[in-house]
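A.B. asks: Sequence first, predicted coordinates after that:
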Amino acid sequence: EASTGVSGAMGSAVSAAGASRLPGTLRALNAIQLCLSCAPRLFRAAADDFACELPAPAMAAVTAELEIARRVEVTLATALTAGLQQLAASIHPRLKPRLDAFRDRSYLLQSDEALATAETASFVSPLLAEMSGALSALQPGLNEPNAQALLLLLVAHCADRIEALLLLKKVDIFGALQLERDVRALGQRLSALTSRSVRE
């Protein structure tokens, strides 16, 4: 119940965050991520300290209490995920027109000339420029782990949308060549934005 309350509150805070509230929301996400990253080490240190100071018969009860206390890690992780998901959702409208460009893109090209024209009108650069701009605006207030997690959420959103649209498309041999170029360009540009593999 505590996990639901914290994650719900974080999601609501991000959803309601305007220009004036966003910096505070980003600081909150950073604080949660830091707590989450430090919690395992702190609990291990506490367990080691208790083991040094208490007799063995007393450690069973202490260990049980520490395990209960460690449930806070689940609460923190849930809250962080909810906050980042809401933050990503707030960026989706910016990406929609760029993804719509892929929706409207034809891969029935029929000739080398049409293939050459399609190469100069790829949807990839505008999409990645929009994503990069959105992330750049947030990164001064968002720590690196959260920025990377947010990027992966946006990548997943775009991948799901592109996959769904691709299933509706007809592709000829020239269009298949262009599609392969678009996919390769998308992977290369995304690799430049993140330190993790986009194939994850």
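C.D. replies: Done, it's in. Numbers count the residues shown, from 1 in each chain.
A.B. asks: Going by C-alpha atoms from here, please, whenever you check contacts or count neighbours.
C.D. replies: Fine.
A.B. asks: which residues of the chain score low on pLDDT?
C.D. replies: 1-20, 42-43, 49, 195-200 (pLDDT under 70).
A.B. asks: try it again with 90
C.D. replies: Along the chain, the model assigns pLDDT under 90 to residues 1-24, 35-76, 116-122, 139-140, 187-200.
A.B. asks: quick one, helices of it?
C.D. replies: Along the chain, the segments classed as helices by DSSP state H run 2-16, 22-53, 56-69, 72-103, 112-119, 124-138, 144-166, 173-193.
A.B. asks: Please indicate which of those helices has the most neighbours on average?
C.D. replies: Each of the helices of the chain was scored by mean neighbour count; the highest is helix 72-103, a mean of 18, by mean count of other Cα atoms under 10 Å.
A.B. asks: Quote the end-to-end distance of stretch 61-76.
C.D. replies: 24 Å (Cα to Cα, to the nearest Å).
A.B. asks: from memory Glu119 sits against Glu180, does it?
C.D. replies: No. Using Cα atoms under 8 Å, Glu119 is not in contact with Glu180, being 11.0 Å away.
A.B. asks: ok, now which ones touch Gly141?
C.D. replies: Residues in contact with Gly141 (Cα atoms under 8 Å, 6 or more residues apart in numbering) are 23, 26-27.
A.B. asks: For the nearest residue to Leu179 once chain neighbours are set aside, give the beta-bridge partners.
C.D. replies: Nearest residue to Leu179 in three dimensions, chain neighbours excluded: Tyr107, at 7.2 Å (Cα to Cα, 6 or more residues apart in numbering). In this entry, Tyr107 is beta-bridged to Val171, by DSSP bridges.
A.B. asks: what's the spacing between Tyr107 and Ala176?
C.D. replies: Taken as Cα to Cα, the span from Tyr107 to Ala176 is 7 Å.
A.B. asks: Phi, psi for Ser106 please.
C.D. replies: Dihedral angles of Ser106 (phi, psi; degrees, to the nearest 10) stand at phi -90, psi 140.
A.B. asks: need the contact list for it.
C.D. replies: So Ser106 contacts 169-171, 175 (Cα under 8 Å, 6+ apart).
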